[in-house]
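Participant: Quick one, fold the following:
(one chain, ligands or ions: 3)
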Amino acid sequence: MQEDILRVLYSEDEIKSTVSRLGSEIRAHYQGKNPLLIGVLKGAIVFMTDLMRAIDDFVEVDFMDVSSYGSAAVSSGEVKILKDLDTSVAGRDIIIVEDIVDSGRTLDYLIKLFQTRAAKSIAICALMDKPEGRVVKDIKADYVGFSVPDAFVVGYGLDFAEKYRNLPYIGILKPEVYKQ
Ligand code: 5GP
Ligand code: MG
Ligand code: MG
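Facilitator: Ligands and ions are numbered 1, 2, ... in the order given. Sure thing, here's the model as predicted:
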């Protein structure tokens, strides 16, 4: 698996200190509020498990599965709910936990959905932000780990065709991997 990686963008250590910083920021802002963390499957799973521990205060977690990419490396522009929440967001302080914000379409869709479901407050925590990919211009994460260049990244939860999610770091694939 690791032989398919061209370059490591963020090492395990860099990710660890960044997640710890995000956890502290969230803890400071949500004291006594018991926010609901909503992880966007599947890319956010690894980030979510580390982030919830880094917050080190009362939180609840739930997951939602939406798809906008299929197995391709290019966004289809279409958002579908594949699995909905088990928890009601009405009156809750929620934090959407995303692996990466690219076009912003997924978050645009989710924010509108949670607004119609009467969440009390909605924040976004994204491990990575790819500002150059933005199509929905007003989508901005409240908590951002890394601002990344416009490349397709894998690892630490992020896949290419469902592979590489279990890499402990974030990297860029060799171009020949896409062409197989
Ligand atoms: P958006 O809706 O903002 O275009 O992107 C939504 C989803 O596309 C992200 O949550 C992520 O799952 C996927 N995505 C966007 N950029 C990348 C990338 O560079 N690598 C991987 N593996 N997935 C990405
Ligand atoms: Mg995602
Ligand atoms: Mg994917």
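
Participant: List the contacts of Ile124.
Facilitator: 95-96, 98, 101, 107, 111, 139-143 (CB atoms under 8 Å, 6 or more residues apart in numbering). (Each C-beta comes from the backbone N, C-alpha and C, glycine too.)

Participant: and the protein, which residues reach ligand 1?
Facilitator: 40, 43, 68-69, 75, 98-106, 152-154, 158-160 (CB under 6 Å from any ligand atom).

Participant: Can you tell me what sits against the top helix by length along the chain?
Facilitator: Secondary structure assigned by DSSP state H gives helix 12-29 as the longest helix of the chain. For helix 12-29, contacts defined as CB under 8 Å, 6+ apart pick out 10, 35, 47, 50-51, 53-57, 95, 125, 127, 143, 145-146, 156, 168-170.

Participant: Spatially central residue in this protein, please.
Facilitator: Centroid-nearest residue in the chain: Glu98, 1.6 Å away (criterion: CA atoms, centre = their mean).

Participant: so where is this protein shaky, pLDDT-wise?
Facilitator: 69-77, 180 (pLDDT under 70).

Participant: how does it look with 80?
Facilitator: 68-78, 180 (pLDDT under 80).

Participant: who in this structure is up against ligand 2?
Facilitator: Within reach of ligand 2 by CB under 5 Å from the ion, the chain has these residues: 40, 43, 99.
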